[in-house]
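**Q** predicted model, plus sequence, below.
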Amino acid sequence: MTELPTLKETVDKYGLLAKRSLGQNFLLDQNITGKIIRTSLETRGLTDFSHEDVYEIGPGPGGLTRAVLNASPHRLTVIEMDSRCIAIMQELQTFFPQVLRIIEGDALAFDYHEETSYPKSIVSNLPYNISVPLLLGWIKSITHFNSLTLMFQKEVAERIMAPCHNKSYGRLSVIAQLTCHIKSLMTLNPQCFVPAPKIWSTVLLFTPKADAPSPQVLHQVELITELAFSQRRKMIRQSLKTLEGLENVCQKINIDLTARAENISCEQYRQMAELMLEQNQNK
C-alpha cells in the first residue's frame, strides 16, 4: 500500500465531495477502516480474505476498499454508480489488476448469485438510502454468503438487533434474526465521516444460521410480519384476521390472540409460518 497516494491526496485530486442524493458519507480514516475489517475477520476466526471473493457496495474514494485489499481477498468486486468514484477505482485497479474488479451500476440490480471461484462475503459502508432493501435481499439468500460486514445508521442497526417486547422490534428484526447470527462490531460517531452526518453509525457482522428457515417458510414469515407490524398497536386477532385458521395455529404454539406484533418472538413467527404452510398443504 506504500506506493498508493493517500486517501486525502486521492480526494483532493478528484475534487470528490459526497453527494446527498446518493446517500454518501465517506469514511477516510484508514485506522478505522482497517479496524472494521480486522475485527470482522477476527470475529470469524480468520486473518484474511484469501479464501473468499469479496463484494463492496459504494466504495466511494476507497477507504474501506483499501482495507479489504490489504486483507488479501481472492477477488474484490466493487459496485459503484458514481462516475467520479469509478475513476478512483480504476486508478486503484492499476495497483491490483488481478484482484480488483469494477462494476459500474446499481447495487440493487446486481446479481449476487453469480458463480465464483470461492465463497462470497460482502463488505460495505452502505448508502443510507438503500441499506434496508439491500440487506433484505442478501439475508433472504444468506446461504449464498459466508458473511456480511455492513455499516448502518445506528437506528437501523438497533431495529435489526432489537429483541422481542422492544419498541424497535419489527419485521426487519424477525427476518434478520431468523436467518443470521448478528454481532455488533463497533459504533462510530458522526465526526468519523466526511461530511459528518447527523447520526451515529454501527457496523454489524451477519453470518448464516445453519437452521435458517427454508425459502418457503421465510416467505410466509414475511407475509405474516408485514400484516402484524403494519398494525402493530392492534391485537393479532385483528391485525392477522385475514389469515385462515389463525385461532387454531395460535392455540398450538401458545400465542394469545390478544398479543400484539412486538410480543411475538422470532421463533413463534417461524412456528406460525410453518403451521400455516402445513395447513394449506393439507387442504
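**A** Looks like it arrived, so ask away.
**Q** now the strands: where do they sit in the chain?
**A** Ranges of strands in the chain, per DSSP state E, are 26-27, 53-57, 75-80, 100-104, 120-125, 145-153, 180-188, 193-194, 201-208.
**Q** which residues does the fourth one contact?
**A** With Cβ atoms under 8 Å, 6 or more residues apart in numbering as the test, strand 100-104 has contacts from 65, 69, 75-81, 83, 86, 89-90, 92-93, 110. All C-beta spots, glycine's among them, are computed from the backbone N, C-alpha and C.
**Q** just the buried positions in it, please.
**A** For strand 100-104, burial by neighbour count (16 or more other Cβ atoms under 10 Å) applies to 100, 101, 102, 103.
**Q** again with the fifth one
**A** Along strand 120-125, these residues count as buried under the neighbour rule (16+ other Cβ under 10 Å): 120, 121, 122, 123, 124, 125.
**Q** next one: that strand to chain centre, how far?
**A** 8 Å (Cα atoms, centre = their mean, to the nearest Å).
**Q** and it, average pLDDT?
**A** Strand 120-125 shows a mean pLDDT of 96 in the predicted model.
**Q** each with direction, which strands does that strand pair with?
**A** Under the criterion DSSP bridges, strand 120-125 sits next to strand 53-57 (parallel), strand 145-153 (parallel) in its sheet.
**Q** now that strand and strand 180-188, what's the angle there?
**A** 30 degrees (axes from the mean of the first three to the mean of the last three Cα atoms, to 10 degrees).
**Q** next: the third one.
**A** Between strand 75-80 and strand 180-188, the angle formed by their directions is 70 degrees, by the same axes, to 10 degrees.
**Q** strand 75-80 pairs with which strands, parallel or anti?
**A** When DSSP bridges is applied, strand 75-80 pairs with strand 53-57 (parallel), strand 100-104 (parallel).
**Q** now the end-to-end length of stretch 227-236.
**A** The straight-line separation of the ends of stretch 227-236 (Cα to Cα, to the nearest Å) is 9 Å.
**Q** chain center to it, what's the gap?
**A** For stretch 227-236, the distance to the chain centre is 25 Å (Cα atoms, centre = their mean).
**Q** biggest separation within the contacts of strand 100-104, which pair?
**A** The span of those, defined through Cβ to Cβ, is set by 75 and 83 at 22.8 Å.
**Q** more neighbours, these two?
**A** Neighbours per residue, other Cβ atoms under 10 Å: of residue 75 and residue 83, the larger number sits with residue 75, 18 against 8.
**Q** grab the most central residue of this protein for me.
**A** residue 135 (3.7 Å; Cα atoms, centre = their mean).
**Q** quick check, pLDDT for it.
**A** Residue 135 is given a pLDDT of 96.
**Q** what bridges to the nearest residue to it once chain neighbours are set aside?
**A** Leaving aside its sequence neighbours, residue 135 sits nearest to residue 150 (Cβ to Cβ, 6 or more residues apart in numbering; 6.8 Å). Beta bridges link residue 150 to residue 124, residue 204, judged by DSSP bridges.
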